[in-house]
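Colleague: for reference, the sequence and a predicted model appear below.
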Amino acid sequence: MRFGATQAVKSLSLDVRQGEFFSILGPSGCGKTTLLRLISGFLQPTAGQVLINGKDMVGVPSNMRATAMIFQSLALFPFMRVWENIAFGLEARGVGTAERRREAERLLELIALPGYGNRMPGELSGGQRQRVAIARALAIQPQVLLLDEPLSALDLKLRQHMRAELRDLQKRTGVTFIYITHDQSEALAMSDQVAVMNGGELQQIGTPQELYSHPKTAFVAEFVGENNALTGTVTEVSGGTAVLEGPQGRFSGRAGAGLNPGAKARLYVRPEALSPSSETGENRLKLAIERFDFEGAFATAYALLQGTGSPQRMFMTISQQGLSDAPAIGAPFTAGFSAEDAIVLSDD
Amino acid sequence: MTEIFDRFGKPLGGIFLGLALLWLAGMVLVPGVFMINASLRPHLPPPLRGGELDVYVLDNFAYLINHVNHGRIFFKTVWSSALVTLVTLLLCYPIAFWLAKVARRWQVAVMLVLLLIPYLMNEVLRGLAWYIILAFSGPLNAILIGLGLMDEPVRWYGDGGVVAGMAYAYLLFMLFPIYNAISTLDRAQIDAARDLGASAWRIHRRVVLPHAKVGIATGCVFVFMMAAGSYVAPALLGAPGSRWFTQIVYEWFFEIGNWNRGAAYGVALMAMCLAVVLGLLALFRVNLASAVK
Amino acid sequence: MTQTTTATATLDADLPPIIPARRLSHSGMGLLLGRLQPLAGRVYLLVFVLFLMSPLLILAAAAFNDSSFPTILPWQGSTIKWIVALFHDGEIGRALISSGIIAAGVIGLSLPVGTAAALVLTSLHGRTRGVVYALMVSPMLIPGIVIGISTLLFWRQVGVNGGYFLTILAQSSFIISFVMLMIVAQLQRFDRTMEEAALGLGASRLLVFRRILLPYLRPALLAACCIAFLQSFENCNTTLFVRGTETPLTIFIATKVRTGLTPVINALGLVMMVGTIMGAVLWEIARYRRAVRSAAV
């Protein structure tokens, strides 16, 4: 698909299983909205196929596809009552008024807004409007529901509440959800499968756990969850372990795909895998804590890497119980991690 | 051009495009071409039309330039219309500013009603009101004599009366664009300028006027155009010696019956108006799209 | 306390003296002007309102003067005979009907064409849009009599003479511009995803237009309808050339000025004024309430 002068989505292939909550995650401008519009039929691909239930959808306009879209702006029709909004898809299919009304009431029950049918969209709260938009999409019994960052306009509390509600609704209806977001915590919390995209290219598809513990590319390692990175050159790859040498020292971790000795690479270690250690040996770092950010159940310690030319900041998670034993601010200490908790990925 | 079809589909998009073309071509452009065509041909009795005498000539325009009075009336119309524009601008700017930035909400509501009443009525009735006021034995003379400002009644009908009646008739078309433009000015800008020690005069010259520029340009364009093309006010408030150019055009058509010469006079009026409109826009450095919206 | 004072003093010494702004109010003259300004403003406002209202009051008052000519001086006694006469005046009735027919035709033509033109214009981009835009607003920037003349000359070639048909066409050719601009303004605030949402729900393009875009445009269409009516009803310059033998109200009044006016015309003005005042007050009250309500939210 070409979008303006640049290719918005390059060649990629994804399979979404029926009844799955599938997220497409990526920074803004990565091509995820374009991908969604290709699936919905608002855009036609310059090359390639979109198959729904094994049937090629290329050339089929959006009003003939078994998909329904939830827009970022929700796009509720402001001059129609809530029930008319919900039943609009049925109206377009020539369903009679009485039956439309009945179906709208049934869906209002489903989204826990019974009796709201005669209100205008403007009289509802943000979360209620959200649910009406979902009911409107579900009314046409789509096989695939496409959601374009529908929670981004809500405030934090409501957003977290709606996550659970969306997830629940998806499980109850069994409709395939394809959900687009730039918020990785949202994608990790709700999805069965997540596809990470960047620059129009697919980076990795996997369950949230896979993406978190086994990122395949440097982009995924940095975009999904928090991570510490150490740069260097690969010196050895053997038995699934790679050794990296750089200005900060010599480290080993699980080897990512396509690593060869001599290549530039990055070693990633999660903040919770990094801890103060008295032992010496492999995978040790000299750090001095700058500050603690207290975040409730745990704290994040920001520490400067010592003895290197350019100052590099690392961060580690310290549990509330561990906080009393934590090194003092400014005092140098040694931190370590095990090679199984780290991963070395090619740097490009 | 394909976007209209993409958005509405072939049948509906085709209807929209067709209607728009029908208007632009059939009701605006082609009639305009016919008028210019007629203006360039001599007035001939029907049997001679299309004959060897029916050629393109500039006689009709030459007649306008060489005529004892018509050229003078043409320029008087331009000059008086400019005067009407200036008078309405000076009258309206303070009121527009007051409405947009000073008045309370109820004051704005009352003022808008007061402004709308004369303009929801007929232009002819507005002219008629001034016809009564300016009459020789009418209220204006009576008041001025009663106040001791004059000894003798004055004949107001004529150029002065026409300008006054027009200024009244087209006031709203100046006021509303300026009011709209000033409304969008952030009050904080005025407060900031005052806080920095600017005088009221300087605030207007450096902050409000530049912001109101587009509105002023719009108002001037419309008032000038309407004044120059007005027939009613001069017919009601003018005197035999103070004819307006539109009255001469009317004479060519319906009193003398020389439509070709009338068309030429119409073309001259149109060319002058377009020149002034473009000139005003260039003067204010405003483009058409922001002036007319 | 002492310390603070010292600190301030030091600061003052270090900084260059603040240049006093040249405010009018600093001079004696300025002070006077400062006091006078609000007063002058109020006087100006009063004069302006007088200027605005007195012609209307005089126009209305003359309807009650028992004089055979519309004037308030000399006052020859109060009467309502002109108002009674208005309702028995067949000529005015016919002129009103004629104006009504023309206005209805203009509304019927300019609303759909203006909407179509607005949709066409908003689907264009870049230079093409600029050119089409200039073309579309040009009828507003050309004197009304020129539009009348060109319409008359064009249709004469086809053998059509002045009358209702030409009057409706000629008036519409510039009233469509107004309608188009009003619809474009409303379209610019339209959220196009609503159309996509409706399409995605299975609606045909026709249903999307009928059920989504048209209801959205309804307020603008209503406003455009009012403007078209007022423009048509008060039009004189264009109508003068294309009316043929029809005599709509404006033409009727204008010709009456020549052939002999009676205060019946003032009575008509009075009735129209009362009507518009009632309409304007109702409209303003509605607007004011809406503004207050939206300010409260």
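Modeller: Everything's here; your move.
Colleague: how distant is stretch B:192-210 from the center of its chain?
Modeller: Stretch B:192-210 sits 31 Å away from the centroid of its parent chain (CA atoms, centre = their mean, to the nearest Å).
Colleague: same deal with stretch A:322-340?
Modeller: 30 Å.
Colleague: what ranges do the strands span in the stretch 51-200 of chain C?
Modeller: Counting by DSSP state E, counting those that start in this stretch, the stretch 51-200 of chain C has no strands to list.
Colleague: show me what from chain A comes close to chain C.
Modeller: Taking CB under 8 Å from any CB of the partner chain as the contact definition, chain A meets chain C at A:40-42, A:61-64, A:67-69, A:71-73, A:75, A:77-80, A:88-89, A:91-93, A:136-137, A:139-140. (Each C-beta comes from the backbone N, C-alpha and C, glycine too.)
Colleague: which of the residues you listed fall within strands?
Modeller: Per DSSP state E, strands hold the following members of the residues of chain A next to chain C: A:67, A:68, A:69.
Colleague: surely the first one and residue A:147 touch.
Modeller: No. At 11.0 Å, residue A:67 and residue A:147 do not qualify as touching, with contact defined as CB atoms under 8 Å.
Colleague: the closest residue to chain A within the stretch 101-250 of chain B: what's it in contact with?
Modeller: Closest to chain A within the stretch 101-250 of chain B is residue B:105: 23.0 Å, counting by CB to the nearest CB. Neighbouring residues of residue B:105 by CB atoms under 8 Å, 6 or more residues apart in numbering or on different chains: C:288, C:291, C:292.
Colleague: just put those in a markdown table and tack on distance to residue C:65.
Modeller: Putting the contacts of residue B:105 into a markdown table (distance: CB to CB, whole Å) gives the following:
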| residue | distance to residue C:65 |
| --- | --- |
| C:288 | 36 |
| C:291 | 41 |
| C:292 | 42 |
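Colleague: what's the closest non-adjacent residue to the residue nearest the centre of chain C?
Modeller: Among the residues of chain C, the one closest to the centroid is residue C:227, at 6.3 Å (CA atoms, centre = their mean). The shortest distance from residue C:227 to any non-neighbouring residue, by CB to CB, 6 or more residues apart in numbering or on different chains, is to residue C:178 (5.5 Å).
Colleague: helices of chain A, start to end?
Modeller: A:32-40, A:82-86, A:88-92, A:97-110, A:126-138, A:156-173, A:184-190, A:208-213, A:218-223 (DSSP state H).
Colleague: state the mean pLDDT of the fourth one.
Modeller: Which is helix A:97-110. Mean pLDDT, computed over helix A:97-110, is 93.
Colleague: now swap in the longest one and tell me
Modeller: The predicted model assigns helix A:156-173 a mean pLDDT of 88.
Colleague: that one: how far from the chain's middle?
Modeller: For helix A:156-173, the distance to the chain centre is 15 Å (CA atoms, centre = their mean).
Colleague: please apply the same query to the first one.
Modeller: A distance of 16 Å separates the C-alpha centroid of helix A:32-40 from that of its chain, computed with CA atoms, centre = their mean.
Colleague: mind listing what's buried along it?
Modeller: Neighbour counts over helix A:32-40 (16 or more other CB atoms under 10 Å in any protein chain shown) mark A:32, A:33, A:34, A:35, A:36, A:37, A:38, A:39, A:40 as buried.
Colleague: quick one: contacts of it?
Modeller: By CB under 8 Å, 6+ apart, helix A:32-40 touches A:1, A:3, A:8-9, A:12, A:24-26, A:43-45, A:50, A:62, A:65, A:67, A:69, A:144, A:146, A:148, A:178, A:180, A:182, A:197, A:200, C:200.
Colleague: please save the CA atoms from it in CSV.
Modeller: Taking C-alpha atoms only, helix A:32-40 is exported to CSV below (Å, rounded to 0.1, in the frame of the first residue of the first chain):
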residue,chain,number,x,y,z
LYS,A,32,-0.8,0.3,11.8
THR,A,33,-3.8,2.5,10.9
THR,A,34,-3.1,2.0,7.2
LEU,A,35,-3.1,-1.8,7.9
LEU,A,36,-6.5,-1.5,9.7
ARG,A,37,-8.0,0.5,6.8
LEU,A,38,-6.7,-2.1,4.4
ILE,A,39,-8.5,-4.8,6.4
SER,A,40,-11.7,-2.7,6.7
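Colleague: what mean pLDDT does it get?
Modeller: 85.
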